[in-house]
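1. Need a 3D model of the sequence below.
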Amino acid sequence: MLKLRFVNKEHSDVWLVEPSVLIGADATCQVALKQAGIKPRHADIQIKGSQLTLVNLADDPGLTINGKACSKQSAINVGDTIVIAGMPMLVVDPKDERKAASEIQASSGWAIRPNHSALANKLYSINGETTVGRAAECDLSFSVAHMSRKHAQLSIINGQLVVKDLESANGTFVNGKQVQEAKLQKGDELRLDTLSFTVIGPGGDSDKTTVRMAVTTPAVAAVTPKPPAPAAQAARPAPVPVASVSAAHEKKRAAGTTTFHKAVVASEEAKQAATGSTVNLAVVAIALLATIAVVAYMFI
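-> Residues are numbered from 1 along each chain as shown. Just a heads-up that it's a prediction; the model follows:
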């Protein structure tokens with residue numbers, strides 16, 4: 001299906017759908033125009049399959065096809081330029097435009113895509129110095145009220161797309177910042193007055209998502225829990241000073257020595273008594289046992 005495109009954007013694109021598309025000032029027309037010189041029913045484009053015929057309903061001598069007057073009716077084809085009341089219109093095939101866009105990407109890699117809904121899906125290649133503005137002689141001409149006649153220039157320098165403001169009245173902006181000259185990157189927003197574009201760069205569409213490498217978190221060393229502190233041991237009795245032990249031992253030895261001396265004396269007395277009289281052997285045995293006990297006590 002073909003489209004009728006207004007070169008200076010007086011009207012949005014119109015699909016050429018059978019049986020016809022009526023152009024005029026009347027509100028009932030499929031293409032209603034209010035420009036001076038437009039009659040209520042000015043022209044009609046009749047569609048039958050892929051064949052198009054332009055009919056001059058207003059007998060307008062200024063209605064032309066590719067610069068030649070259309071007195072009554074004439075066949076029109078894709079790529080033809082129709083002028084009605086000074087307004088140029090172009091018959092386009094959207095399939096050819098998509099193919100051209102692919103060729104643009106393959107050849108230069110740099111292009112700008114309008115963000116305005118009226119220019120949706122259009123792509124303008126930048127293959128060299130390209131002047132953008134409102135004047136018809138610009139390489140890219142846009143009918144925008146506040147755009148300067150020659151607003152800015154786009155060029156490719158060492159493979160880099162560069163924009164230069166041509167002393168425009170309302171400025172050239174890159175990502176919201178006004179510039180006199182700047183290098184453009186893929187995905188940048190280029191704005192000339194109120195008309196903005198997205199920059200398409202080498203390598204493909206700017207809408208592709210950039211993949212960020214995953215960040216590896218360093219492993220955290222395992223923490224070995226400390227064993228619980230042992231319960232406090234029962235308090236041991238304080239050691240007795242060595243001096244005190246020695247003193248007690250000497251006292252014990254002195255007492256033992258005295259007892260031993262007494263036992264020996266008693267034993268001698270018992271012997272004397274046994275000699276003087278008849279003494280039972282049991283008494284002597286008892287005395288000897290007492291002596292042995294005293295000796296043992298001294299060395300314990």
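
2. pLDDT weak spots in this structure?
-> By pLDDT under 70, the low-scoring segments of the chain are 97-108, 120, 203-287, 290-291, 293-300.

3. For stretch 67-84, give me every contacting residue.
-> 2, 4, 7, 23, 38, 42-43, 45, 51-56, 59-66, 88-93, 96 (C-beta atoms under 8 Å, 6 or more residues apart in numbering). The C-beta positions use only the backbone N, C-alpha and C, and glycine is treated the same way.

4. Recalculate using a threshold of 7 Å.
-> Counting contacts by C-beta atoms under 7 Å, 6 or more residues apart in numbering, the residues outside stretch 67-84 that touch it are 2, 23, 42-43, 52-56, 61, 63-66, 88-93.

5. In it, which of the residues would be classed as buried?
-> Cys70, Ser74, Ile76, Asp80, Ile82, Val83, Ile84 (16 or more other C-beta atoms under 10 Å).

6. Next: stretch 187-201.
-> Asp188, Leu190, Arg191, Leu192, Asp193, Leu195, Ser196, Phe197, Thr198, Val199, Ile200, Gly201.

7. From the opening residue of it to its closing one, how far?
-> End-to-end distance for stretch 187-201: 8 Å, by C-alpha to C-alpha, to the nearest Å.

8. Show the residue spans covered by the helices in the stretch 51-200 of the chain.
-> Ranges of helices within the stretch 51-200 of the chain are 94-107, based on DSSP state H, counting those that start in this stretch.

9. got a list of what Met89 touches?
-> So Met89 contacts Leu4, Arg5, Phe6, Val7, Ile82 (C-beta under 7 Å, 6+ apart).

10. can you pull the contacts of the fourth one?
-> Right, the one you point to is Val7. Val7 neighbours (C-beta under 7 Å, 6+ apart): Pro88, Met89, Leu90.

11. again, but for the second one
-> Under the criterion of C-beta under 7 Å, 6+ apart, the neighbours of Arg5 are Asp13, Met89, Leu90, Val92.

12. Please tell me how far the second one sits from Ala36.
-> Applying C-beta to C-beta, to the nearest Å, the value for Met89 to Ala36 is 17 Å.

13. Would you confirm that Lys164 contacts Gln153?
-> Yes. Taking C-beta atoms under 7 Å as the definition, Lys164 is a contact partner of Gln153 at 4.8 Å.

14. The two - which one has more neighbours?
-> More neighbours surround Gln153 than the other of Lys164 and Gln153, with 19 against 14 (other C-beta atoms under 10 Å).

15. Can you name the residues bridging to the more buried one?
-> Taking DSSP bridges as the rule, Gln153 bridges to Thr131, Lys164.

16. And it, how far from Ile38?
-> Distance from Gln153 to Ile38, by C-beta to C-beta: 35 Å.

17. again, but for Leu4
-> From Leu4 to Ile38 the distance is 15 Å (C-beta to C-beta).

18. again with Val162
-> 42 Å.

19. What of Trp15?
-> 21 Å.

20. quick one, which of the two is more surrounded?
-> Ile38 (23 against 12).

21. before we move on, back to that, point out the ones among the buried residues of stretch 67-84 that are inside strands.
-> Ser74, Ile76, Ile82, Val83, Ile84 (DSSP state E).
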